[in-house]
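1. Fold the following for me, if possible:
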Amino acid sequence: MFLGLLMGEDDVEVGGGMKVSRLLSFVLAVGVAGLVMTNPNEADFREHVRVKEGLAGTIGMVAADLLSGGKGGGIQRDNYLVASRFYIGGNGILPRQDVAWGVAGKFFEIGGERNVE
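-> Numbers count the residues shown, from 1 in each chain. This next block holds a predicted model:
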């Protein structure tokens, strides 16, 4: 598909006889690349919590790190390339609790009373 786009074809046929224009393919590729490059990591989430929650957030993260038996500390991350899910616990004393999704450098709360946005 991308080889045809690079060779200058206006439309490229994909499975089932469907055609995709060069512009649409380019826009989708740029959008996905942008999401991958701005996908927040664990350090970004920790900094976000420190800024948003202040001292209470920092103390909460330290407590979660101490109570978690895992090698990565209390806050863990599931990476889905274009987005990440952050959670606390799951491999120690604390049960797993999903906290937030991270997409395009922003954080969105998953349940609970805590506003992570």
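
2. I'd like the next helix or strand past whichever helix in the chain runs longest.
-> Secondary structure of the chain per DSSP state H: the longest helix is helix 22-37. Using DSSP states H and E, the helix or strand that follows helix 22-37 in sequence is helix 42-53.

3. Run through the neighbouring helices and strands of that following helix.
-> Judged by 3 or more CB pairs under 8 Å, 6 or more residues apart in numbering; DSSP states H and E, helix 42-53 is in contact with helix 55-67, strand 75-79, strand 84-88, strand 97-103. The way it works is simple: take the backbone N, C-alpha and C, and place the C-beta from them, glycine included.

4. Could you identify which of these has the lowest mean pLDDT?
-> Of all those, the minimum mean pLDDT falls on helix 55-67 (a mean of 79).

5. Send me that helix as CSV with only the CA atoms.
-> The C-alpha trace of helix 55-67 is given here as CSV (Å, rounded to 0.1, in the frame of the first residue of the first chain):
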residue,chain,number,x,y,z
LEU,A,55,2.6,16.9,48.4
ALA,A,56,-0.3,14.5,48.9
GLY,A,57,0.2,13.0,45.5
THR,A,58,3.9,12.6,46.1
ILE,A,59,3.3,10.9,49.5
GLY,A,60,0.7,8.7,47.8
MET,A,61,3.1,7.6,45.1
VAL,A,62,5.8,6.9,47.7
ALA,A,63,3.4,4.8,49.8
ALA,A,64,2.2,2.9,46.7
ASP,A,65,5.9,2.2,45.7
LEU,A,66,6.6,0.9,49.2
LEU,A,67,3.5,-1.3,49.4
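
6. on that earlier part again, any idea how far the longest helix of the chain is from the chain center?
-> Put simply, helix 22-37 sits 17 Å off its chain's centre (CA atoms, centre = their mean, to the nearest Å).

7. could you say what helices and strands it packs with?
-> helix 2-6, strand 11-14.

8. Comparing those by mean pLDDT, which bottoms out?
-> Taking the mean pLDDT of these, helix 2-6 comes last: a mean of 52.

9. I'd guessed residue 104 sits against residue 34; true?
-> Yes. The criterion here is CB atoms under 8 Å, and residue 104 meets it with residue 34 at 7.4 Å.
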